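Asker: Give me a model of this one.
(one chain, ligands or ions: 2)
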Amino acid sequence: MSASSVTIERMQCWLLRIPTIRAHQLAVATMREQRIVILELTDSEGRTGLGEATTIGGLAYADESPDSIRLTLDIYLRPYLEGVQLDPPAIMAALNAGIVGNYFAKCAVETALYDLLGKVENRQLSDYFGGRRTNVLPCAWTLASGDTDGDIAEAQAMLDARRHRDFKLKIGKRPWQQDCAHVAAIADAVRGEASVRVDVNQAWDFETARHAIPALHEAGVVMVEQPLPVHDLAGARALCELNGAAIMADEALRGGVYPARRIMAAGAAHAFSLKIAQAGGLTACAEVADTARTAGLGLYGGTMLEGGVGTVAAAQLFATMEAFIWGTELFGPLLLTYDILVEPLRYAEFALHLPDGPGLGIAINPDAIAEFAEQ
Ligand code: MUC
Ligand code: MG
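Answerer: Ligands and ions are numbered 1, 2, ... in the order given. You can find the predicted model right below:
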């Protein structure tokens, strides 16, 4: 059956609330749970496609909250889907023409469309983005318990289990000198065994960053993610010229290729954290990657701390890309106390191993919906 003869009959959406394994402390929020929007499209033959939209800390991270995403999908995006022929590029073009912003919600839709199409055509989602170059993606872990000794013990456990050997530390909440002491202690503890990066989540002003970044670099930090507020491209450019740790853009990339071009024109990043949600979907994220690659920027496979559906969607795309010099951080499901997938994703030998199978290659455990869905 060709995709064009398939009709999307029904769209359903759930908001799941799942506790995290420990408090996850960022500059902008402390997470003790994750609220995950799951979208399911069903076609005329009863086949289903899944998508996910997840964000961090309610409205602390971005201007789409889990609640607003669910509402947007239910009210505004539903008419673009139900009763419509399954043609992902045409549907996404209509969505992007008719609805501004709402990048996370659009990402959930595009993921579900390609998951469904993959099942219809018996193809992996990666096939629609050039095909896989690899089935294995190196995967970092974030140390964010807020406690130095706790983080060191956690890092050691990850190394012993051969699960992660790249660590991202969340800083920016405390005075930078205290953060620097925290980072230096962890970097000392894992020196020679692991890499250490930091994510400031926009918390610093330029003066703070100008002092903190050389000190962090001296302590062994190789990359600093989003040190300044997203609008401060001149400041980010000056930080790029410090000749120390690489500067990576994250939140500044919200909106896809247009902000990406602005950052590149300003010389305001050495690397991009690619996020399918922030870009507004898989196609938009691939476009950001292509644009960055032409300018010689480093690529990193970022996460919004999605559960299994969003995580594997990003992995399916990242597995098609070359020049992934910073690896990925697709560990979201491991931060949750409950895995919503029938068969959890496999993490071993410091990497995420992609599933086989058509579309995303995963299925959701119906018990997870029953147990964790909010009303
Ligand atoms: C972010 O800002 O990168 C990704 C990993 C993590 O711990 O937080 C996120 C969001
Ligand atoms: Mg970040």
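Asker: contacts and neighbour counts: CA atoms only from here.
Answerer: Noted.
Asker: Okay, helices next: where are they in the stretch 51-200 of the chain?
Answerer: 66-71, 88-98, 103-121, 148-160, 176-190 (DSSP state H, counting those that start in this stretch).
Asker: Select, out of those helices, the one closest to ligand 1.
Answerer: Distances from ligand 1 to each of the helices of the stretch 51-200 of the chain were compared using C-alpha to the nearest ligand atom; the minimum, 12.9 Å, belongs to helix 148-160.
Asker: got the buried residues for the closest one?
Answerer: Residues Thr148, Asp151, Ile152, Glu154, Ala155, Gln156, Met158, Leu159 are the ones in helix 148-160 that count as buried (16 or more other C-alpha atoms under 10 Å).
Asker: Indicate the residue of the stretch 101-250 of the chain located nearest to ligand 1.
Answerer: Of all residues in the stretch 101-250 of the chain, Thr142 sits closest to ligand 1, at 4.8 Å by C-alpha to the nearest ligand atom.
Asker: Give me the neighbour count for the closest residue to that residue other than its chain neighbours.
Answerer: The shortest distance from Thr142 to any residue other than its chain neighbours is 4.6 Å, reached at Lys168 (C-alpha to C-alpha, 6 or more residues apart in numbering). Counted with other C-alpha atoms under 10 Å, the neighbours of Lys168 add up to 22.
Asker: ok, what's across the strand from Lys168?
Answerer: Using DSSP bridges, the bridge partners assigned to Lys168 are Thr142, Arg197.
Asker: Adjust the sequence numbering to begin at 46 for everything that follows.
Answerer: Sounds good: first residue 46 from here, last item Lys213.
Asker: What parts of the stretch 196-345 of the chain come near ligand 1?
Answerer: Taking C-alpha under 6 Å from any ligand atom as the test, the list of the stretch 196-345 of the chain residues beside ligand 1 reads Asn246.
Asker: per-residue confidence averaged over stretch 277-295?
Answerer: Stretch 277-295 shows a mean pLDDT of 96.
Asker: Could you do stretch 105-119 as well?
Answerer: The pLDDT scores in stretch 105-119 average 97.
Asker: Pull out the buried residues from that stretch.
Answerer: Neighbour-count burial for stretch 105-119 flags Tyr106, Glu109, Ser110, Pro111, Ile114, Arg115, Thr117, Leu118 (criterion: 16+ other C-alpha under 10 Å).
Asker: do you know how far the second one is from Arg219?
Answerer: Here the criterion is C-alpha to C-alpha, to the nearest Å. By it, Glu109 lies 26 Å from Arg219.
Asker: what about the most centrally placed residue in the chain, which helix or strand?
Answerer: When C-alpha atoms, centre = their mean is applied to the chain, the residue found nearest the centroid is Thr348 (1.8 Å). Assigned by DSSP states H and E, Thr348 belongs to no helix or strand.
Asker: tell me the SS of Gln323?
Answerer: With DSSP: H, G, I helix; E, B strand; the rest coil as the basis, the three-state label of Gln323 is helix.
Asker: list the contacts for the nearest residue to it once chain neighbours are set aside?
Answerer: Spatially, and ignoring its direct neighbours in sequence, Gln323 is nearest to Arg299 (4.6 Å; C-alpha to C-alpha, 6+ apart). The contact partners of Arg299, taken as C-alpha atoms under 8 Å, 6 or more residues apart in numbering, are Tyr148, Gln323, Ala324.
Asker: what about burial for the residues you listed, which qualify?
Answerer: For these, a burial check counting by 16+ other C-alpha under 10 Å picks out Tyr148, Gln323, Ala324.
Asker: Would you convert those into TSV that also reports distance to Ala305 and pLDDT?
Answerer: What follows is those, written out as TSV (distance: C-alpha to C-alpha, whole Å; pLDDT from 0 to 100):
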residue	distance to Ala305	pLDDT
Tyr148	15	98
Gln323	11	98
Ala324	9	98
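Asker: any idea which strand is longest in this structure?
Answerer: Secondary structure assigned by DSSP state E gives strand 53-70 as the longest strand of the chain.
Asker: Tell me which other helices or strands that strand touches.
Answerer: Helices and strands in packing contact with strand 53-70 are listed as strand 75-88, helix 111-116, helix 411-417; criterion 3 or more C-alpha pairs under 8 Å, 6 or more residues apart in numbering; DSSP states H and E.
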